[in-house]
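Peer 1: give me coordinates for this.
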Amino acid sequence: MNRSRWSGFTLIELLVVLVISALLAGMVVHAIRKVQTAAHHSSCWENLHRAPFVFTLPVAVPAPPSADFRVRHDLIVKDIPTGSKKVCVWFWLPDDDEAQKILDLKVSTAPKDYRVTRDAQNGHRYLFTEVSDPKGTLLLGTEFALRRQAIAVDLDPMKAESLTDAHRKLFAEYLRRDCPNMEVNDAVEKLANRICGDETNVVKQIYRLYDYLVESTHHYSKPGAPKSSGLGSVNYCLDSKGGGCTDQHALFIALARARGIPTRLHFGSRLQAKNEGKDHDPGYRCWVTYFVPNYGWVPMDVSAGNTTPKEKDRYWSGLDERRIRFLEGRDLELNPKQQGPRVNLLIVAYVEVDGKPHTKFERVLHFHEVRDARN
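Peer 2: A predicted model of the protein is given here:
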């Protein structure tokens, strides 16, 4: 019988030897890898135990600054014409939001039939009263505790998502291009495109617009700056290169909306340390919020960035704690509905006498900071 041989082995025997050798080699390699893996794990655990502060200690993030205040807020409606039949008053009334809590609110002075109403569109509250056959003056007053927290949003352009058609439908009201005194006209459109160019990232566009306004327009409180228009006018701010806070923010809102970025307008007052313990009228301060996908609504105060250059970077995406918010929006239909036209700006109060706007009123605010409120 003929048999094929290779160096003294049959072909079948040679194949068996090769298969066995391969199996043994595989087992050896697997064992070596297990030893290496165990050694690596041992080394990692040893490093963890040697440097626990790197891996195990939590990083403490400072809480945003906060402040507590006791506030008294009064309105005096004066010079009501003799023989008037009816006076209606809508007075600022604070409410809770993401940055403030209103505690122990009470109406300290008001006609007996006052009531609290809420704006149907923007959600803020009014202290409303209606008085028949008014005599002389009319007084309304509130007292409350305020807990206010600063806001600081750390925006990262890489984490901001793009605005979608769904966002634009949802926030259509905050993209209006025809809001009185905040119209998106050709001049606004051209300026917005010149500032932002081909940039499409929401965060980067917002900062470019903010930087332009802070550097190129000026709040009326600065020496040599234009006075306030009293209207909150985009055209006035464009022509005068500044004005009141409402003029500056009207321009910002129009520019942002020209780029398709939703924006909202808010009104309140600052609680400056120099006025603590005084009966005074602090005036008002407005600011905006803009919408950034993946972050939500972000606050900005152009006027604060303009008047305090060292804190410019703070106010493009944050607010301080020494303020109180009362109201949102403009071009308002009140609740209950006023007899006169829509209200362009409701600053402190809106008053009607026999269905006609009445502007003879004064405001007094008194506050104390409660420094041990949380101890």
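
Peer 1: going forward, measure contacts and count neighbours with C-alpha atoms only.
Peer 2: Noted.

Peer 1: for the closest residue to Pro293 other than its chain neighbours, what are phi and psi?
Peer 2: Residue nearest to Pro293 in three dimensions, not counting chain neighbours: Glu161, with 5.1 Å by CA to CA, 6 or more residues apart in numbering. Dihedral angles of Glu161 (phi, psi; degrees, to the nearest 10) stand at phi -80, psi 170.

Peer 1: and Lys169, helix, strand or coil?
Peer 2: helix (DSSP: H, G, I helix; E, B strand; the rest coil).

Peer 1: count of residues packed around it?
Peer 2: 11 (other CA atoms under 10 Å).

Peer 1: and the gap between it and Ala192?
Peer 2: 22 Å (CA to CA, to the nearest Å).

Peer 1: who's in contact with the residue nearest to Pro293?
Peer 2: Val202, Val292, Pro293, Asn294 (CA atoms under 8 Å, 6 or more residues apart in numbering).

Peer 1: pLDDT added to the residues you listed, as TSV?
Peer 2: Output for those, formatted as TSV (pLDDT from 0 to 100):
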residue	pLDDT
Val202	98
Val292	98
Pro293	97
Asn294	97
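
Peer 1: so which of these belong to helices?
Peer 2: Under the assignment DSSP state H, these contribute Val202 to helices.

Peer 1: could you flag which of the contacts of Glu161 are buried?
Peer 2: Val202, Val292 (16 or more other CA atoms under 10 Å).

Peer 1: just the contacts of Glu161 now: which is nearest Trp92?
Peer 2: Lowest distance from Trp92 to those (CA to CA) belongs to Val292, with 28.8 Å.

Peer 1: who's in contact with that closest one?
Peer 2: Per CA under 8 Å, 6+ apart, neighbours of Val292: Ala160, Glu161, Leu163, Val202, Val203, Val298.

Peer 1: measure the nearest residue to Pro81 once chain neighbours are set aside to Asp79 for me?
Peer 2: Closest residue to Pro81 apart from its sequence neighbours, by CA to CA, 6+ apart: Gly136 at 7.9 Å. According to CA to CA, Gly136 stands 6 Å off from Asp79.

Peer 1: which one of these two is surrounded by more residues?
Peer 2: Neighbours per residue (other CA under 10 Å) separate Gly136 from Asp79, with Asp79 holding more: 14 against 11.

Peer 1: returning to what we had before: what does the pLDDT read for the residue nearest to Pro293?
Peer 2: For Glu161, the model assigns a pLDDT of 96.

Peer 1: and the protein, what are its domain boundaries?
Peer 2: 66-149+332-369, 153-320 (automatic domain parsing).

Peer 1: in JSON lines: those, plus distance to Phe326.
Peer 2: Output for the domains of the chain, formatted as JSON lines (distance: least, CA to CA, whole Å):
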{"stretch": "domain 66-149+332-369", "distance to Phe326": "5"}
{"stretch": "domain 153-320", "distance to Phe326": "5"}
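
Peer 1: no further queries at this time; thank you.
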